[in-house]
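Visitor: give me a 3D structure for the following:
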Amino acid sequence: MKATRTTWGLMPALILVIAACTPGAGASPSAGAGTAAASAPKILVDMKGPGGGNPFWAAVEKGAKEAGQATGADVTVLAPPAESDVTAQVAQIEDAITKKFDGIALAPTDPAALSEAVKKAQDAGIKVVFIDTKGENEGVTFIGTNNEAGAKLAGDYLCENLEKGDKVAILQGLITQSTGKARADGAKAAVTGCGLDLVAEVPAEWDKAKGQAAMEDILTQNPDLKGVFGSNDNMALGAAEAIKAAGSTGKIVVVGFDANPDAAAAIIAGDMSATVAQSPANMGKFGVESLLKLIKGETIDPVIDTGTELVTKDNADKYK
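Guide: Residues are numbered from 1 along each chain as shown. From the prediction side, this is the model:
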């Protein structure tokens, strides 16, 4: 009986020792992994439009997600339902503030309208960079294309392939966005500078159907049109559809901007003449990488240019 009482008297100490040495007591390996995952920087990449149906935004999303996988960052990609839906994008930013994201890479639908939401994010300690479209907030790095220089490439192509005095048109994106204004300005400076006759500057809001409708109206008023610059490939492709319906394919030089796969295929088929390539995947990638540097306390350049390239039949294959 004495030995039995001694054994039972040691049991509380033994239980404590076992509990301290057992992984399942207090914290499990999976709980530890969860803590590590939770400590990964939370990054929101908020694009102007959804990736579905738009190869440009699909590439931005792909670059951002691949950067997240490579760096271990927890990357969320969102976009408003349409590039003109400012209210939805503001709500997404405000939700990211509530959920305590560490960084936001933002392509603002409307830089002026988004500036207050960006300031709220900064005041909450969230690091912010702009991608694709420069915002209005001072001191925030812009990662994207020199859109004015890229549009000048497109305008120069029209100049080189048309005669002085030929009629041309520009399909504009959203001019309230710095991207839209810069592309319209760059193309206009080029075509007017070389003596082409700019007969129409029509907004089509980055949309293919609106680009087609705008082009139909332009052709009605200017049946002798010789060239058109679509400020993105969606609008240029819409213009090409209108030109095809009018039986004028090959008679009008059509130049776009983005070098998405559909535009590359249209160039190869002869429905478009050229486009200007960006590096949208790099916008997403550099956006995530730059935010991680800021979160670590490092500094980044105020402007990070992702570059442009003129795409014609000579090099369209690599953009298909």
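Visitor: I'd like the distance between Met315 and Ile268.
Guide: Check again: residue 315 is Asn, not Met. Asn315 is 11 Å from Ile268, where distance means Cβ to Cβ, to the nearest Å. To be clear about C-beta, it is placed using only N, CA and C from the backbone, and glycine gets the same treatment.
Visitor: buried set for the helix or strand hosting Gly284?
Guide: Using DSSP states H and E, Gly284 maps to helix 280-295. By 16 or more other Cβ atoms under 10 Å, the buried positions in helix 280-295 come out as 280-292, 294-295.
Visitor: repeat that for stretch 103-115.
Guide: Of the residues in stretch 103-115, those buried (16+ other Cβ under 10 Å) are 103-111, 114-115.
Visitor: what do you get for stretch 113-129?
Guide: Here stretch 113-129 shows 114-115, 117-118, 121-122, 126-129 as buried, counting by 16+ other Cβ under 10 Å.
Visitor: which residues touch that stretch?
Guide: Contacting residues not belonging to stretch 113-129 are listed as 86, 89-90, 93-94, 96-97, 100-106, 108, 135-137, 140-143, 287, 290-291, 294-295, 300 [Cβ atoms under 8 Å, 6 or more residues apart in numbering].
Visitor: now stretch 243-250
Guide: Residues from elsewhere that reach stretch 243-250 (Cβ under 8 Å, 6+ apart): 215-216, 219, 240, 251-252, 254, 270-271.
Visitor: can you tell me the helix or strand for the nearest residue to Lys320 once chain neighbours are set aside?
Guide: Using Cβ to Cβ, 6 or more residues apart in numbering and skipping residues adjacent in sequence, the residue nearest Lys320 is Ala264, 4.8 Å away. Element membership for Ala264 (DSSP H and E) is helix 261-269.
Visitor: CA atoms of that helix as PDB?
Guide: Extracted in PDB, the C-alpha atoms of helix 261-269 (Å, rounded to 0.1, in the frame of the first residue of the first chain):
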ATOM      1  CA  PRO A 261      -3.100  38.800 -77.200                       C
ATOM      2  CA  ASP A 262      -6.300  39.800 -79.200                       C
ATOM      3  CA  ALA A 263      -4.500  42.900 -80.600                       C
ATOM      4  CA  ALA A 264      -1.500  40.800 -81.500                       C
ATOM      5  CA  ALA A 265      -3.700  38.400 -83.400                       C
ATOM      6  CA  ALA A 266      -5.500  41.300 -85.100                       C
ATOM      7  CA  ILE A 267      -2.200  42.700 -86.300                       C
ATOM      8  CA  ILE A 268      -1.100  39.300 -87.700                       C
ATOM      9  CA  ALA A 269      -4.500  39.000 -89.400                       C
END
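Visitor: list the contacts of the next helix or strand after that helix.
Guide: Next in sequence after helix 261-269, counting helices and strands by DSSP H and E, comes strand 275-277. Here strand 275-277 makes contact (Cβ under 8 Å, 6+ apart) with 150-151, 153-154, 233, 236, 255-260, 263-264, 267, 308-311, 319.
Visitor: 6 Å instead, please
Guide: 150, 153-154, 233, 256-257, 259, 263, 308-309, 311 (Cβ atoms under 6 Å, 6 or more residues apart in numbering).
Visitor: same question for stretch 97-105.
Guide: If you take Cβ under 6 Å, 6+ apart as the criterion, stretch 97-105 is touched by 41-45, 96, 120-121, 124, 126-129, 131, 287, 291, 295.
Visitor: now do the domain split for this structure, please.
Guide: 2-35, 40-144+282-306, 147-277 (automatic domain parsing).
Visitor: quick one: which of the ones you listed has the weakest pLDDT on average?
Guide: Here the lowest mean pLDDT among those goes to domain 2-35, at a mean of 38.
Visitor: ok, Ala79 to Asp258 distance?
Guide: Distance, Ala79 to Asp258, using Cβ to Cβ: 16 Å.
Visitor: my error: substitute Phe56 in the last question.
Guide: The spacing between Phe56 and Asp258, counted by Cβ to Cβ, is 5 Å.
Visitor: what does Glu201 give?
Guide: Glu201 is 19 Å from Asp258, where distance means Cβ to Cβ.
Visitor: higher neighbour count, these two?
Guide: Asp258 (29 against 15; other Cβ atoms under 10 Å).
Visitor: next, give phi and psi for the nearest residue to the more buried one once chain neighbours are set aside.
Guide: With sequence-adjacent residues excluded and distances taken as Cβ to Cβ, 6+ apart, Asp258 is closest to Asp233, at 4.3 Å. Backbone torsions for Asp233, taken as degrees, to the nearest 10, come to phi -70, psi -30.
Visitor: quick revisit: in the helix holding Ala264, what's buried?
Guide: Those would be 262-267, for helix 261-269 by 16+ other Cβ under 10 Å.
Visitor: which other helices and strands contact that helix?
Guide: The helices and strands touching helix 261-269, judged by 3 or more Cβ pairs under 6 Å, 6 or more residues apart in numbering; DSSP states H and E, number zero.
Visitor: how about residues contacting it?
Guide: Contacts for helix 261-269 (Cβ under 6 Å, 6+ apart): 55, 233, 240, 256, 272, 275, 313, 316, 319-320.
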